[in-house]
Each structure stands twice: as C-alpha cells, then as structure tokens.
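Student: No letters, just coordinates:
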C-alpha cells in the first residue's frame, strides 16, 4: 500500500503532530549533515523527503524531491521555483553517479520493488556519496498505528535495515532513532516532545522510538576478474638494449648472444675455428 500525497501533506504541514515530527526528524538530520556541509553538492530525496530538505536549499548546488508515481506529486517548495518531480520508483530522471546526498523517507517501506529501488539509489549516488534512511521501527508504537504515515507498509529493526542495505552495496556508518513520543495529538505529548527526545537518546533501551535512522555510504569496489600480468624489465635488460640494439619486435633477452661473450658473462677472445 502506497502513501497518498494529500495525506502526507496534511500530516506534515497541517496536523500539529506532523509538524512536531517534521521538526524532530529535521533536527536529527541537520545534526548529522549540517546545511553548510553540502555547499556545492547535489542533493535529492525520495518518497516524501521534501520537509527534510528545506534547510539545504540555500546551500546545495541542486536539490530535487523525487516522488513515486503511485504516491503522487506536489509542487515544492511553496512560493519558490519547483524542485519536485514525479518519477518511477525504479527509474529516476537522474544522471548516474550525480547525487552526493540522498534521503529516503516514506519510500522504502511501501515500495513494491525494494531491491530494484535500492539498486536505482546505488546507480544515482556518486562514489563516496551518503544516504540517510528513515523507516518505521517495528518495535515502536508508530508502526502499529495507521493514523500516521509510519503505520503503512513494512516496518524494520535496525539490524534488518542494515542487512538489506549491505546486500544493496551500501556500508552502514551510523544509526540512531527518533520520535519517542506516542502517536497522539494530545497537547501534553506535543509540548514535551523535545524532553522525550533528549531522554530517549539517553535511555533508548527503555523508551522505544518510532523511527529508525541509518546513515550509509556508497563504497565502490575494484573490478574482480582474471589478473593482468605486467612485465617490468630488470635493469640488466634495459642496459642490454643500449649495448646491443635489437629489432623493434624482438623482446628483451631474446636476441643473439654477442660473439666472444662466454656463458659466465665475461668477455674473451673469439674461439678458434
């Protein structure tokens, strides 16, 4: 089941709970990727990552919000030139290796082709590029409630999402968690959200977060195949070519031996006929 763009927009921009979640996730993201650190870089987000990328608009060279077809697309950011595009989840209109930073939010858990989706992310991410995954926590309350976007699709544990990303060729560098308040619109939880975030970071084994964050790096590997033998001439071969010029196509050491040179390498008088 895919998200609906109208529901996502209402949750993050109109609902008080969604605005709190947006602020929490954005703070965690900018804590890892400071806006000034992406200056001159190309940044993209897949799913509904637009609320997370606004701080990077003045700094990054290019920012693109990729929104999958079944979800729908909206113009973003409001009141500015559009940076969002509708695309197939396994065929992004992005040049190979052109993305430096990538955010996935509400994209993987509802994908019908997660393996192909991650392969497309691998294609578009440049060598050494980084990706930030934000997925529902299987053990959290948010995955069990369908009143928020985190209650749709698959939920993960940290080990599951890291294993899936390793199979796709990414190397996990860091993982964390966020959104420790319950999925409730009550004012008490909304007003105390920052307190629960600070407490949850210290005692995460007691407080179960609703969202798992995993930062990964694209590590390019050297091509694997038959070894290529490289012949490095020895100093004797190089000097031998100077003393005894040989035809161009005759390799070193294969020319005729100079008359008068003994097998031991010392010069002597020519042998008697």
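Tutor: Nice, I can see it. Every value quoted in this text rests on a predicted model; they were computed, and no experiment measured them. Residues are numbered from 1 along each chain as shown.
Student: Can you show me the helices along the stretch 51-200 of the chain?
Tutor: Taking DSSP state H, counting those that start in this stretch, the helices of the stretch 51-200 of the chain run over residues 114-124, 158-167, 187-191, 193-202.
Student: now for the ones you listed, which one comes closest to residue 39?
Tutor: Of all these, helix 114-124 sits nearest to residue 39, with 20.3 Å by Cβ to Cβ. Placement of C-beta: from N, CA and C, glycine included.
Student: contacts for the closest one?
Tutor: Outside helix 114-124, the residues within contact range by Cβ atoms under 8 Å, 6 or more residues apart in numbering are 44, 46, 89-92, 94-99, 102, 104, 107-108, 111, 131, 164-165, 168-170, 218.
Student: what angle sits between it and helix 158-167?
Tutor: Angle, helix 114-124 to helix 158-167, by axes from the mean of the first three to the mean of the last three Cα atoms, to 10 degrees: 60 degrees.
Student: which sections of the stretch 101-250 of the chain are below the confidence cut-off?
Tutor: Along the stretch 101-250 of the chain, the model assigns pLDDT under 70 to residues 204-206, 221-250.
Student: same thing but 80
Tutor: For the stretch 101-250 of the chain, applying pLDDT under 80 flags the ranges 201-207, 219-250.
Student: quick one: contacts for the residue lying closest to residue 102 once chain neighbours are set aside?
Tutor: Spatially, and ignoring its direct neighbours in sequence, residue 102 is nearest to residue 131 (4.4 Å; Cβ to Cβ, 6 or more residues apart in numbering). Taking Cβ under 8 Å, 6+ apart, we find residue 131 in contact with 101-104, 121, 125, 170, 215-218.
Student: Name every strand pairing with the strand ranked longest in the chain and say which way it goes.
Tutor: What stands out as the longest strand in the chain, according to DSSP state E, is strand 125-136. Applying DSSP bridges, strand 125-136 is found paired with strand 99-105 (parallel), strand 211-218 (antiparallel).
Student: Buried residues, the longest one. List them.
Tutor: Read it as strand 211-218. Across strand 211-218, burial judged by 16 or more other Cβ atoms under 10 Å covers 211-216, 218.
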